[in-house]
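S.K.: Sequence first, predicted model second:
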Amino acid sequence: MGIGLNLLPVVLEAVRGKEIRHLLQPDRARSLCGPPETRAVKKRLLDYLACPDCLGDVRGDFEGELEHGEIYCLGCARVFQVIHGVPDMRPFQEDSLRLRVAAEFAEQWQHYSQRRELYHQQFFDWVDPVGPEFLVDKVVLDAGCGKGRHLSVTARCGASLVIGVDLGEAAYVAQEATREIGNVQVVRGDLLSLPFKDDAFDYAYSVGVLHHLPEPAAGFHSVLTKVKPRGHISAWVYGYENNQWIVHLLNPIRENVTTKMPRRLLKWCSWVLALVVLGVVRWIYEPWHRSFPDTRLFYQDYLLYISHFPIKEIETIVYDQLNPRVAHYLSKAIFEAWFQDLEEVSVNWHNQNSWRGFARKKG
């Protein structure tokens, strides 16, 4: 029995590894995008792009728009492919762990690709004190755009241009989700070697991404270099405070079991756990809060916050906790240190389990 238990993680890892090798196949991008209408690189995007290797200017021999083709660096002459309107501008040398994490998230967002009205308020809860009016006429960077849900929100709030970047094939999922929104462009690139000119954006945000990087602080400062002087930046990350139970109890399970599970099994487990969470919230937390509003149960703020979410959205949240190979839970002191050289800093709790920060870059 002991030998069998010891072999279980090895077997699961072998199956999961086969799945990930499939996800890393280079031609999968074509299956992630639907019909081609309005899905193209606009010439305007080249004004913001820079080579991730040498930071040289990027040009393309096309007029108006480009759906498939090539763009190139004027500095090192490297050529970048454009597939379904998404420039692939990953650095020449890429970290294998980050590629694998990105591939797993790409599969996650392809499966959980639903779009919901609740994403509008959820986004502004994450980037508070930013509101819709703040985005008007700004050029915005979504650093780690995932399936594109925040791109849609920011673009429809009056931003002049919103550019999303993601390392994995989630970039194509985001492109498909936003292909009818004219002021959105998506680029495939690495947060640690961003393919954009320095000081290019009025506002940049990274929501739920930095804590999945091997070095979260490096990712934040990489994004910051792309913000104009006197421009603004927002970040939202998992908090360490009030999440010690996750760090010490759930993280070992995630690291040794669930990240090695075949994805179908993990999705089934996530659905079952989502039903349990929803049942606990509906039958215990909500009645308790109505009857005893001055008392607090364990993790109450967060569980009540998601109590109105559909079951599929809660399943997505559970899967998002169990799937990543890298997940950091950051203390307030560590998070605040990222903002120490910025102005108008605001760092505060969100649902008593995560940190959100906003600041202006000095100029």
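M.R.: It's in.
S.K.: can you give me the strands in the stretch 151-300 of the chain?
M.R.: Counting by DSSP state E, counting those that start in this stretch, residue ranges of the strands within the stretch 151-300 of the chain are 161-166, 184-188, 201-207, 227-238.
S.K.: Determine which of these approaches V82 most closely.
M.R.: Shortest distance between V82 and the strands of the stretch 151-300 of the chain, using C-beta to C-beta, is found for strand 184-188: 9.9 Å. C-betas here are computed from N, CA, C, even on glycine.
S.K.: What does R116 show for phi and psi?
M.R.: For R116, the backbone dihedrals (degrees, to the nearest 10) come out as phi -140, psi 150.
S.K.: Need the mean per-residue confidence for the host helix or strand of E315.
M.R.: Element membership for E315 (DSSP states H and E) is helix 311-322. Taken as a whole, helix 311-322 has an average pLDDT of 94.
S.K.: how about that helix: buried residues?
M.R.: Residues E313, I314, E315, T316, I317, V318, Y319, D320, Q321, L322 are the ones in helix 311-322 that count as buried (16 or more other C-beta atoms under 10 Å).
S.K.: mind saving the C-alpha coords of it as PDB?
M.R.: C-alpha atoms of helix 311-322 as PDB (Å, rounded to 0.1, in the frame of the first residue of the first chain):
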ATOM      1  CA  ILE A 311     -21.800  27.600  -9.700                       C
ATOM      2  CA  LYS A 312     -19.600  27.600 -12.800                       C
ATOM      3  CA  GLU A 313     -17.800  30.700 -11.700                       C
ATOM      4  CA  ILE A 314     -17.100  29.200  -8.200                       C
ATOM      5  CA  GLU A 315     -15.800  26.100 -10.000                       C
ATOM      6  CA  THR A 316     -13.400  28.300 -11.900                       C
ATOM      7  CA  ILE A 317     -12.200  29.900  -8.600                       C
ATOM      8  CA  VAL A 318     -11.600  26.400  -7.100                       C
ATOM      9  CA  TYR A 319      -9.800  25.200 -10.200                       C
ATOM     10  CA  ASP A 320      -7.700  28.400 -10.200                       C
ATOM     11  CA  GLN A 321      -6.500  27.600  -6.700                       C
ATOM     12  CA  LEU A 322      -5.700  23.900  -7.400                       C
END
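S.K.: could you check the angle strand 227-238 makes with that helix?
M.R.: Helix 311-322 runs at 100 degrees relative to strand 227-238, counting by axes from the mean of the first three to the mean of the last three C-alpha atoms, to 10 degrees.
S.K.: So which elements touch helix 311-322?
M.R.: Contact here means 3 or more C-beta pairs under 8 Å, 6 or more residues apart in numbering; DSSP states H and E; on that basis helix 311-322 packs against helix 263-280.
S.K.: who's in contact with the helix it packs on?
M.R.: 16, 19, 107, 111, 258, 261, 303, 311, 314-319, 322-323 (C-beta atoms under 8 Å, 6 or more residues apart in numbering).
S.K.: Distance from that helix to the middle of the chain?
M.R.: Offset of helix 263-280 from its chain centre (C-alpha atoms, centre = their mean, to the nearest Å): 22 Å.
S.K.: again with stretch 312-319
M.R.: 15 Å.
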